[in-house]
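> have a look at this prediction, sequence included:
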Amino acid sequence: MKNLLLSSILLLALSFTSCRDTKKSESVGDAIENAADAAGDAVENAADAAGDAVENAADAAGDAVDSAVDAASDAADKAGDAVDKAGDAVDGAVNAAGDAVDNIKAKAGDAVDAAGDAVDNVKAKAGDAADNATDAVKKEADKLKTGI
């Protein structure tokens, strides 16, 4: 752009120095007009290129934002799934612990019942043994009384 401006100034200066020749000055005027048109076209092309670059940058930024939103959404979904699985695992552990406690209570109840039955059996056998001993003592006492 700077070179174009300097060239235009140089052509303008040359046109003033050779004013005698009209044809030359017309061709210099045409050259200046052509240079101005070319400069206008270059500015227009640069503006179009800059607009395209800005549009492409905006599209790329929008795509990056969309990708970031999608990634964050996926991460949130995966975190939610992990929380659900952890909750399920905790529920399973609580249920298993509850089942274990219920089984222990049932087995303890069975053991208490079995112990009670054993005590009852021991009492019954002790009662039978005491009855047998009493009968034996009575028989012996009767033998001693009768002398037989």
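Everything's here; your move.
> any regions of this structure where pLDDT drops low?
1-26, 28, 147-148 (pLDDT under 70).
> if we use 50, what do you get?
Under the criterion pLDDT under 50, the flagged ranges of the chain are 19.
> which parts of it are helices?
Ranges of helices in the chain, per DSSP state H, are 2-17, 22-146.
> adding mean neighbour count, write those helices out as CSV.
Heads up, the C-betas are built off the backbone N, CA and C, glycines and all. Putting the helices of the chain into CSV (neighbours: other Cβ atoms under 10 Å) gives the following:
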stretch, mean neighbour count
helix 2-17, 12
helix 22-146, 10
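> could you measure Ala86 against Lys78, distance?
For Ala86, the distance to Lys78 (Cβ to Cβ, to the nearest Å) stands at 12 Å.
> ok, now Ala96?
Remark: distance between Ala96 and Lys78 (Cβ to Cβ) = 26 Å.
> again with Ala39
The value you get for Ala39 to Lys78, if Cβ to Cβ is used, is 58 Å.
> same check on Asp117?
Asp117 is 58 Å from Lys78, by Cβ to Cβ.
> and Ala60, by the same measure?
Ala60 is 27 Å from Lys78, where distance means Cβ to Cβ.
> equivalent analysis for Gly109, please.
46 Å.
> also Lys85?
10 Å.
> could you do Ala50 as well?
With Cβ to Cβ as the criterion, Ala50 and Lys78 are 42 Å apart.
> do Val112 as well
51 Å.
> swap in Val119?
61 Å.
> ditto for Gly98
Gly98 is 30 Å from Lys78, by Cβ to Cβ.
> try Lys145
Going from Lys145 to Lys78 by Cβ to Cβ gives 99 Å.
> over to Asp52?
Distance of Asp52 to Lys78, given as Cβ to Cβ: 39 Å.
> repeat that for Glu33.
Going from Glu33 to Lys78 by Cβ to Cβ gives 67 Å.
> now swap in Asp63 and tell me
From Asp63 across to Lys78, the span is 22 Å (Cβ to Cβ).
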